[in-house]
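In: Okay, sequence plus prediction incoming.
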Amino acid sequence: MRAKLELQENHCKGCELCVQACPRDVLAMGSNINALGYRPASIVDPEKCTGCKACALVCPEVCFTIWQVA
Amino acid sequence: MRAKLELQENHCKGCELCVQACPRDVLAMGSNINALGYRPASIVDPEKCTGCKACALVCPEVCFTIWQVA
Amino acid sequence: MSKQIAGKPESMSPVVTHYCPGCSHGVVHRLVAEVLDELGLREQTVGVASVGCSVLAYNYFETDFVQAPHGRAPAVATGVKRANPNACVFTYQGDGDMAAIGTSEVIHAAVRGEKITCIMYNNSIYGMTGGQMSPTTLMGAVTATTPYGRGPEAGMPYRMAEILATTPGAAYVARTHVADVGNIVKTKRAIKKAFELQMKGVGFTMVEVLGNCPTNWGLTPSESNKYVTGEMLPYFPLGELKDVTKEVPAGVHA
Amino acid sequence: MSKQIAGKPESMSPVVTHYCPGCSHGVVHRLVAEVLDELGLREQTVGVASVGCSVLAYNYFETDFVQAPHGRAPAVATGVKRANPNACVFTYQGDGDMAAIGTSEVIHAAVRGEKITCIMYNNSIYGMTGGQMSPTTLMGAVTATTPYGRGPEAGMPYRMAEILATTPGAAYVARTHVADVGNIVKTKRAIKKAFELQMKGVGFTMVEVLGNCPTNWGLTPSESNKYVTGEMLPYFPLGELKDVTKEVPAGVHA
Amino acid sequence: MFMHEILIAGFGGQGVLTAGQLLAYAGNFEGKCVSWVPAYGPEQRGGTANCSVVISDQQIACTLVTEPSLCIVMNQPSLEKFEKAVKPGGVLVVNTSLCEKKATRTDITVVNVAATDTAIELGSQKFANMVALGALLGAMPVVDIEMVLKAMLKVMGEDKARFIPANREALKRGMEAAKSAVHA
Amino acid sequence: MFMHEILIAGFGGQGVLTAGQLLAYAGNFEGKCVSWVPAYGPEQRGGTANCSVVISDQQIACTLVTEPSLCIVMNQPSLEKFEKAVKPGGVLVVNTSLCEKKATRTDITVVNVAATDTAIELGSQKFANMVALGALLGAMPVVDIEMVLKAMLKVMGEDKARFIPANREALKRGMEAAKSAVHA
Amino acid sequence: MAHEMELTMVKGNEALGEAAIRAGCRFFFGYPITPQSELPAYMSRRMPEVNGTYLQAESEVAAVNMVLGAAAAGVRVMTSSSSPGYSLKQEGISYMIGSQLPAVVVNVMRGGPGLGNIQPAQGDYWQMVKGGGHGDYRMISLAPSTVQELVNLTVQAFELADKYQNPVGILADGLLGQTMEPVRFPEIKEDPGPHTKPWALTGCKGRGKRIHTSLELSPEGLEKHNIKLQAKFKVMEDEVQFEAYKCEDADLIVVAYGTAARVARAAVDAARQLGLNVGLFRPISLWPFPSAALSGLVDRGVTRFLDVEMSAGQMVEDVQLAVLGRAKVDFYGRTGGIVPTPREILNEIQKVMGGEAK
Amino acid sequence: MAHEMELTMVKGNEALGEAAIRAGCRFFFGYPITPQSELPAYMSRRMPEVNGTYLQAESEVAAVNMVLGAAAAGVRVMTSSSSPGYSLKQEGISYMIGSQLPAVVVNVMRGGPGLGNIQPAQGDYWQMVKGGGHGDYRMISLAPSTVQELVNLTVQAFELADKYQNPVGILADGLLGQTMEPVRFPEIKEDPGPHTKPWALTGCKGRGKRIHTSLELSPEGLEKHNIKLQAKFKVMEDEVQFEAYKCEDADLIVVAYGTAARVARAAVDAARQLGLNVGLFRPISLWPFPSAALSGLVDRGVTRFLDVEMSAGQMVEDVQLAVLGRAKVDFYGRTGGIVPTPREILNEIQKVMGGEAK
Ligand SMILES: Cc1ncc(C[n+]2csc(CCOP(=O)(O)OP(=O)(O)O)c2C)c(N)n1
Ligand SMILES: Cc1ncc(C[n+]2csc(CCOP(=O)(O)OP(=O)(O)O)c2C)c(N)n1
Ligand code: SF4
Ligand code: SF4
Ligand code: SF4
Ligand code: SF4
Ligand code: SF4
Ligand code: SF4
Ligand SMILES: [Mg+2]
Ligand SMILES: [Mg+2]
């Protein structure tokens, strides 16, 4: 299964939970600061994403949208 | 065991519970009306009293005083 | 030579109560007073009266007393006991007072393990206000506010003692009744244990006493006692629901 | 061809919350919203917000909402549901809101068997007011009002779900947590069941969700999730404490 | 001006509230302005109880009667409490069956009636209130006794019709007693 | 008359409340009347926060500062919110590290300082508040920086003495920035 | 009982309940307390007959919050209590006003303070009229003095509540609640229903979501909300109601409401028979208080008022505020559940007027 | 912290707590609410140090009743809350007054009505001063405007409570509670103790039993009790406190309390600099209200007052009652948690005085 991943960085509060939850190191914390004043997570290796949804499940701000690509 | 029994009729509300509780028919409801407006219980056969305290246990107005006579 | 074996306890005032003929409130008062006498607590006791038929309890006990707002007696008792940890503090409440408006106060007093004794006189009705449904009113019972009988829209009756028994701070929780001679004696035993454990500082103690309300049930005193044993008992089982002194110490298997 | 497998549920508003980074309130909101979506209930739902960090919940759900006074959400929900029996009505409350000031309201809603769903987010602290002890705070925990750690004078923590499970009107009572992926999924399952049983009119339903409060615990989000699983779980056992749909019918012995 | 302020007092259970209600209904049937207010003592049952009834051909000002023109006392405590309250020239009905002492005022009409005893003669203590009411109506025909009996059906329900004759008798016995009244 | 109304604003966690407290304590050490009031946005953490500090040689009237004579804004939202509030002739310190836009007023002294960047250079973002405070004191020496450092020990506890040198450095770096200030 | 349109004998508390039902109220949440207990009892009997809901709450706090919920759902709803129980509803009332939710709240006053007793009193005027709860708010408060007026005002109260999306209070006392008098009820009405309320929480099918909250975190926002509320209260001030009895030529005017006013009317009549030019001014709406009308009486030349209350003196301040020193205001009050007699009030009238003659 | 006698920087809420302890208070029962939460937090830290008791109740209702119990047991005791939480204490306060039990009750006001917000406001004046609870009662209510005054009045409050066997209120607002200022505390004092109170419930050893109740079933008895209470309140009226600042020669007097007064003082100073003869009258005791002093100013020739509140106008009625039309009373208020600025008040002053010049 391959998945397409979108991360709404402007809603991200930089809690890092998604980064810790991702089993495939798709995500990492960024170094920029968003309009909310946080360092948002970002997608660093989209190809590796399996669409396991761990990130989406733990994200308190519902920043992730994931599509399963058939 | 013999017992001496006192009944404070002016506190009695005529609920009849003592009469019903007494196993020896020592008590009966009177026919007079006391100052509270009730027909009080009265001691009709004091000699029969065994001092079992049933009357005292059920009386909500604590009308009974009982002495055990040695 | 003669020895007094029954009579007015010292902790009771020499007055007539305002209770209806045959109402068991007076019996439960006497039991509490006897216990206070026997444990020698009268002079260090502060009673907390609630709102209900027993609101005037302060007139019937020869102890210090404070009258609490409806349902709040356990909170008031908490204040008294915290201010005076050596005092013997008890509340005397009805089922409406404790199980309806006072739910929170009694549960949290139990949760905190307040060293007080709460007596709940459960006649499954609001006596004082004229016989409305209380949380402990039995299903189907006709009251002033369940003219068609208590139906499902009001829920099922609520078992106060069981809930209190689940709280970690409760040391002793029992349910008894006073509708016959034997159970009056047992009720006294439960009340005595509750006061003893309070004074030992073991924790929160509570006795739920099933009692009658001849007036609002529209029954004679003796009929009303039969209602207690015949109708209430099946729904409100008797027993010591919690007694930490009886609990098996951890690690020791019976 | 691609199919969306995660994203914002329709029942959630497209806004950023005011919650602290890593706070699980957002996760639980999302789970409720997903359940509303999946059961097609969004357009007939009335949410009841409580007072606590989740007071602004009404900004995050795309459903009708009313904000209740502190602790009273189950009473408000009772009013809504009785007025509109076809509505799907849920409360979203904190542990302080439900287990402290709201004790009476939630217990009596359960006793009455109100057909509502109460979600309690138990982070064992008063989050919104700055981290004071709540009735569910663990023994020894340092909070703004237990600077020396919660001691025995405040009693032992209180288990809300267990108490509600004892009430006859409760149809479903569960405790879950959202500190890891697997349990987030399980929490959703419990919430879904609660809403389903509400809509089937079976009775009162409640899910207590153990969640974090990184801010007032002074922990990072991931540390705080470990506190949930490491410290809270031993005292607050997970599970379906009551599920009338699973209870063995009377007379049938397993 | 037609205007009667009536107070009926006794123990709870003596039917004082009912007697008052019957009066008020009867007045209403006769087209008067009427009001009725119950009052209870602190006791739950068997304590004191009384009620205020006003019957007037004008709008009623105060529905609570503190200085009755007509008064029934069904027992000793009520006699002690209310004798002094009766308006000069008024009527006081005393249930002598339950009053050890006598009324002493001379500026009012005192009707002594052994209401409880008479009622027992009639078959039940329960009729005592009707005997006393009859005595009151004997001394001052505020309403017609047939209206009182009609009111009974209204208050207690049509199925209680079989009690009408006994109650009529009780009212009459009371009215007779009024003949021997001590007039002010 | 010596009288400064100071407002320090930023995100929660940027140390704006602490900076304000240090100023107030320092003023107190110098024998002035002082007051400090915190204010928070609705967010629980990481939201906006600000504090009002008044330092005066007279009794303080209003402790809440709505029109500051001296102001520090630690981020863009605070700049947008408070730039217009500064009293004409006042001082506005802007943390340019976190402000995309610039202050536009010309009737006040604007001190631009890359407080967060400078702080990171000094080893931790946490010093940003001290850099900004230094900048403020550079533009208007309300209190002595040694008093600010003394206040630090009072507020944070004597055991934090080891952080004094770094903080002194941060204050100094800020003061330098003030030299390049745009004067009104 | 009491379903016909003819004159029926009904106790005040029950009349209140029937009037609410006639006004379309189908939801009642309450908790028993004397001297209003006949009202919940009546509702428990009547509501099922009209497909309505009677629910006995576990406390007054729960009851007022059930009302809040039902009001938010858009139905006509009522709760009632008596003094101590009414105190417990203060937070909920403040919330309802903040959230702009209509309901009718009844206080059948008894003797206070504290547990006091169950006798009629008027010691909760301030609590009801100035606001026993927190924050700036106003609530129309109506004070009937006969059972018939109790019926009429109860029906009105529901209309006013919906009109202004604000709770409306009925302030009665134990005597009125207990008094049985003949009354005429209006025709029975259905609840206009949630669909007539464009703010009712009915589920957001086919529309955007609706929210009821009294929270507004920004001071600017909350002030704006308050300004809006105050503007509404200003409009509500037009709902003033009062009765002026024999005031046209009166030298002294007795001011009283509810039961006290009813007694005072008898005293005024008695005074007139003695040739004293006395009138009765009876506020029916306690808020809005009929200040302009009172002030108008002063313009007309009245120089003395006698405020009579079953309290230690509460409304008297509103009378003083209305006349602002332009006339003398005396006070006579009884407390503890004692209802003044016409004779006592007449005595006071004579004292005051005699004093003036000197 | 803050144990020394020297000037210390303390937040208002914490200063209140420390002052209570200095006054001998060893019992605190509360429930968290912003903006007074620092007070319970402080008490939870400090009470164990002085062998006192801090207990977090499960609700405000429970807290006020724990206070009632502790007060009955004869100890100095306090509770505190903020607007919505204070509403919930009304029944308990009415009971304490009815039962004649002393305590100190604090309300750190926030924006209302309903949940409102946590910003400073003064919308609970009526609730506190006229009685949010039921029945006729009075409670001394003190309104500090600086942290030092908060300390002083808190100490006084305990003395007054014991003196009159009546609760005493402290009415602060969120700004004062949050403000940190240098203050000087008095020496620490022990609770005088139950043995100094001949009514304290200590167990009836060696004496007859003692009872605290607010119940009195007979109207005559309850009226007697009320007369006794009213007589006590009459004596309490002597405890009036106020500050008159630059009032001697003022043409216009600003009337304000608490935080509003503090801001108004700056406006008065500014007005003086503009040559306007303006003064500030600051009630410190809101009840008893300093009516006589205000009235005295009118006697002296003041014709205009400007009442400034952080509310839609509540105390303004007491100002009007004091001057009774003999001077014009204007009002300026901000709501929702907005603190007026000195400039705004100055504008109002100028408007009012300009208007007069015309
Ligand atoms: C706040 C408040 N609400 C309601 C009441 C009215 N009230 C008095 S007693 C009572 C119920 C009493 O019932 P219960 O506690 O069961 O005692 P019982 O009379 O049956 O012994 C109620 C509701 C009150 N006094 N105060
Ligand atoms: C009547 C009342 N009392 C107290 C408060 C203050 N208050 C607001 S939120 C809260 C506690 C919230 O804790 P919890 O319910 O656990 O929610 P959390 O913030 O932890 O999610 C309190 C006490 C209030 N708003 N109203
Ligand atoms: S879906 Fe799974 S693999 Fe993909 S980013 Fe999220 S956690 Fe990583
Ligand atoms: S979990 Fe969500 S909020 Fe947290 S870092 Fe990841 S994307 Fe950002
Ligand atoms: S003591 Fe026993 S035997 Fe004697 S009277 Fe009482 S019940 Fe009867
Ligand atoms: S039990 Fe007591 S009150 Fe009842 S009849 Fe016997 S003596 Fe009288
Ligand atoms: S009403 Fe019931 S509970 Fe109350 S005194 Fe009478 S019988 Fe007892
Ligand atoms: S304070 Fe705690 S519960 Fe509240 S939003 Fe922050 S982390 Fe979540
Ligand atoms: Mg009961
Ligand atoms: Mg919480």
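Out: Received it, and whenever you're ready, just let me know what you need. Ligands and ions are numbered 1, 2, ... in the order given.

In: what are the ranges of the strands in the stretch 101-250 of chain C?
Out: C:117-122, C:170-177, C:204-210, C:239-243 (DSSP state E, counting those that start in this stretch).

In: The last one and chain D in contact?
Out: No - counting by Cβ under 8 Å from any Cβ of the partner chain, no contacts exist between strand C:239-243 and chain D, the nearest distance being 11.4 Å. Placement of C-beta: from N, CA and C, glycine included.

In: Alpha carbons of that strand, as CSV, please.
Out: What follows is strand C:239-243 as a C-alpha-only set of coordinates in CSV (Å, rounded to 0.1, in the frame of the first residue of the first chain):
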residue,chain,number,x,y,z
GLY,C,239,-25.8,-5.8,55.8
GLU,C,240,-22.4,-4.4,56.5
LEU,C,241,-21.5,-3.3,53.0
LYS,C,242,-18.1,-2.2,54.1
ASP,C,243,-16.1,-2.8,57.2
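
In: Local confidence estimate at the spatially closest residue to residue C:213 that is not a sequence neighbour?
Out: Spatial nearest neighbour of residue C:213, excluding adjacent residues (Cβ to Cβ, 6 or more residues apart in numbering or on different chains): residue C:123 at 4.0 Å. We have a pLDDT of 98 for residue C:123.

In: residues in contact with residue C:123?
Out: When contacts are counted by Cβ atoms under 8 Å, 6 or more residues apart in numbering or on different chains, residue C:123 is found next to C:24, C:94-95, C:210-213, C:216.

In: For the residue of the stretch 151-254 of chain C found nearest ligand 9, give me its contacts.
Out: Minimum separation of the stretch 151-254 of chain C from ligand 9 (Cβ to the ion) falls at residue C:213, amounting to 6.5 Å. When contacts are counted by Cβ under 8 Å, 6+ apart, residue C:213 touches C:20, C:23, C:53, C:123-125, C:127, C:131, C:224.

In: By proximity to chain C, which residue of chain A wins?
Out: For chain A, the nearest residue to chain C under the criterion Cβ to the nearest Cβ is residue A:60, separated by 30.7 Å.

In: before we move on, what SS does the residue nearest to that residue when sequence neighbours are not counted have?
Out: Spatial nearest neighbour of residue A:60, chain neighbours left out: residue D:26 (3.0 Å); criterion: Cβ to Cβ, 6+ apart. Reduced to three states with DSSP: H, G, I helix; E, B strand; the rest coil, the structure at residue D:26 is helix.

In: possible to save the strands of the stretch 101-250 of chain C as CSV with distance to ligand 9 and mean neighbour count?
Out: Rendered in CSV, the data for the strands of the stretch 101-250 of chain C read as follows (distance: least, Cβ to the ion, whole Å; neighbours: other Cβ atoms under 10 Å in any protein chain shown):
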stretch, distance to ligand 9, mean neighbour count
strand C:117-122, 7, 29
strand C:170-177, 14, 25
strand C:204-210, 11, 30
strand C:239-243, 20, 19
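
In: From ligand 9, how far out is the residue nearest to residue A:60?
Out: 46 Å (Cβ to the ion, to the nearest Å).

In: quick one, strands of chain E?
Out: E:3-11, E:33-40, E:48-56, E:70-73, E:91-95, E:109-113 (DSSP state E).

In: Nearest to chain D, out of these?
Out: If you check each of those against chain D by Cβ to the nearest Cβ, strand E:33-40 wins as the nearest, at 30.0 Å.

In: Please give the number of neighbouring residues around whichever residue of chain A sits closest to ligand 9.
Out: Residue nearest to ligand 9 within chain A (Cβ to the ion): residue A:60, separated by 47.9 Å. For residue A:60, the neighbour count with other Cβ atoms under 10 Å in any protein chain shown is 26.

In: Equivalent analysis for the one 3 residues further on, please.
Out: Neighbour count for residue A:63, taken as other Cβ under 10 Å: 23.

In: Please list all residues in contact with the nearest residue to residue E:15 once chain neighbours are set aside.
Out: Beyond its immediate neighbours in the sequence, the residue positioned closest to residue E:15 (Cβ to Cβ, 6+ apart) is residue E:129, lying 3.4 Å away. Residues touching residue E:129, when contacts are defined by Cβ under 8 Å, 6+ apart, comprise E:8, E:10, E:14-16, E:18-19, E:74, E:115.

In: what does the stretch 101-250 of chain G put close to chain F?
Out: Of all the residues in the stretch 101-250 of chain G, those in contact range of chain F (Cβ under 8 Å from any Cβ) are G:217-218.

In: which residues of the stretch 101-250 of chain G fall in strands?
Out: Taking DSSP E, counting those that start in this stretch as the criterion, the stretch 101-250 of chain G carries its strands at G:103-109, G:140-142, G:167-173, G:180-183, G:211-212, G:242-245.

In: Including mean neighbour count and mean pLDDT, could these go into a markdown table?
Out: Supplementary listing: the strands of the stretch 101-250 of chain G in a markdown table, determined by neighbours: other Cβ atoms under 10 Å in any protein chain shown; pLDDT from 0 to 100:
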| stretch | mean neighbour count | mean pLDDT |
| --- | --- | --- |
| strand G:103-109 | 30 | 98 |
| strand G:140-142 | 26 | 98 |
| strand G:167-173 | 29 | 98 |
| strand G:180-183 | 24 | 96 |
| strand G:211-212 | 25 | 98 |
| strand G:242-245 | 18 | 98 |
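
In: Identify whichever of these lies nearest to ligand 10.
Out: Put simply, out of the strands of the stretch 101-250 of chain G the one that sits nearest ligand 10 is strand G:211-212, at 22.6 Å, with distance taken as Cβ to the ion.

In: do the closest one and chain H meet?
Out: No - with Cβ under 8 Å from any Cβ as the measure, strand G:211-212 is seen stopping short of chain H, the closest distance being 10.0 Å.

In: Counting neighbours, what do you get for the nearest residue to residue E:179 once chain neighbours are set aside?
Out: Distances taken as Cβ to Cβ, 6+ apart place residue E:138 nearest to residue E:179, at 6.8 Å, with adjacent residues excluded. A count of neighbours around residue E:138, defined by other Cβ under 10 Å, yields 24.

In: what's the distance between the residue of the stretch 151-254 of chain C closest to ligand 9 and chain B?
Out: Residue C:213 sits at a distance of 12 Å from chain B (criterion: Cβ to the nearest Cβ, to the nearest Å).

In: May I have the phi/psi pair for that residue?
Out: Dihedral angles phi and psi of residue C:213 (degrees, to the nearest 10) take the values phi -150, psi 70.

In: contacting residues around the closest residue to residue G:325 other than its chain neighbours?
Out: On the basis of Cβ to Cβ, 6+ apart, the spatially nearest residue to residue G:325 that is not a chain neighbour turns out to be residue H:324, at 3.3 Å. The neighbourhood of residue H:324, defined by Cβ under 8 Å, 6+ apart, consists of G:320, G:324-325, H:295.

In: what's the answer for residue E:102, then?
Out: E:94, E:96, E:112.

In: Between those, which sits nearest residue B:49?
Out: When those are ranked by distance to residue B:49 (Cβ to Cβ), residue E:96 comes first, at 37.3 Å.

In: The closest one against residue E:113, yeah?
Out: Yes - contact status for residue E:96 versus residue E:113: in contact at 6.5 Å, counting by Cβ atoms under 8 Å.

In: Tell me which of those two has more neighbours.
Out: The residue with more neighbours, out of residue E:96 and residue E:113 and counting by other Cβ under 10 Å, is residue E:113; that gives 29 against 20.
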